[in-house]
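J.: coordinates only, sequence not included:
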């Protein structure tokens, strides 16, 4: 299957700082990338959808000024959590899909802990 | 309103058993139905997926059964092994390019040896 990587795999930061998470499709061109958040023992919650070269579309209740998404190339999307607070601590997972394809491949996730 | 309902929430079977996980959807515009497997601390991995023009699909020990009229689909794991112990998510999406997956709440499967 297609490979999607995320970096870093985990990060610990102080409250008020910003954290950037990278998502890369390694062996295919991802015209669409998705960002999810997952709390322990819960399902994946879609945060936003980004198409290469376009502004991201955020789900209801997700603050676009707090969770900045950039999808500047067909293989890279970034999620920046600005002014992070302890309630932002979570498991963030990206996924990627090629043009006109249904299959969506997930990255390994990034564990964010805000102190 | 949850658009994909998954059951059971948890499931325990013995090695060699055949766990069955069920999902029901409401939106008839959905036309792609994948199953994902997730281990703790890892991202979900695509297991198998089906389109509504077929009623069954097999890949190795995993089988999807699809009932379009009932708007239900299920995952069967043949000859289950302890290594299959994980959380399984069903999902659905529409045919438009770029449409996000709608996930069920997940089923935690435990296979005892």
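T.: That came through fine. Being a predicted model, the structure only gives us computed values, none of them experimental. Numbers count the residues shown, from 1 in each chain, chains lettered A, B, ... in the order given.
J.: Does stretch B:104-113 reach chain A?
T.: Yes - using C-beta under 8 Å from any C-beta of the partner chain, stretch B:104-113 reaches chain A at B:104-106, B:108. The C-beta positions use only the backbone N, C-alpha and C, and glycine is treated the same way.
J.: Strands of chain B, residue ranges please.
T.: Applying DSSP state E to chain B gives strands spanning B:4-7, B:10-14, B:20-25, B:30-38, B:45-50, B:56-59, B:62-67, B:72-77, B:86-94, B:102-103, B:107-112.
J.: Run through who's touching the fourth one.
T.: In other words, strand B:30-38. Strand B:30-38 is contacted by residues A:102-104, A:106, B:21, B:23, B:25, B:44-52, B:62, B:64, B:66, B:73, B:75, B:86-95, B:101-102, B:106 when judged by C-beta atoms under 8 Å, 6 or more residues apart in numbering or on different chains.
J.: Emit the PyMOL select command for whichever of the residues you listed are buried.
T.: A single PyMOL command selects the buried members of those (16 or more other C-beta atoms under 10 Å in any protein chain shown):
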select buried, (chain A and resi 102+104+106) or (chain B and resi 21+23+25+44+46+47+48+49+50+62+64+66+73+75+86+87+88+89+90+91+92+93+94+101+102+106)
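J.: where are the low-confidence patches of chain A?
T.: Applying pLDDT under 70 to chain A flags the ranges A:1.
J.: and it, which of its residues are near chain B?
T.: A:1, A:4, A:6, A:31-32, A:34, A:41-44, A:46, A:49, A:51, A:91, A:93, A:95, A:97, A:99-100, A:102-109, A:111.
J.: quick revisit: now render the strands of chain B as a markdown table, adding mean pLDDT.
T.: Shown next, in a markdown table, are those (pLDDT from 0 to 100):
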| stretch | mean pLDDT |
| --- | --- |
| strand B:4-7 | 96 |
| strand B:10-14 | 97 |
| strand B:20-25 | 98 |
| strand B:30-38 | 95 |
| strand B:45-50 | 96 |
| strand B:56-59 | 96 |
| strand B:62-67 | 97 |
| strand B:72-77 | 98 |
| strand B:86-94 | 95 |
| strand B:102-103 | 93 |
| strand B:107-112 | 98 |
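J.: Can you add distance to residue A:78 and give those strands back as a markdown table?
T.: Listed next are these as a markdown table, based on distance: least, C-beta to C-beta, whole Å:
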| stretch | distance to residue A:78 |
| --- | --- |
| strand B:4-7 | 29 |
| strand B:10-14 | 36 |
| strand B:20-25 | 32 |
| strand B:30-38 | 23 |
| strand B:45-50 | 23 |
| strand B:56-59 | 33 |
| strand B:62-67 | 34 |
| strand B:72-77 | 33 |
| strand B:86-94 | 24 |
| strand B:102-103 | 23 |
| strand B:107-112 | 32 |
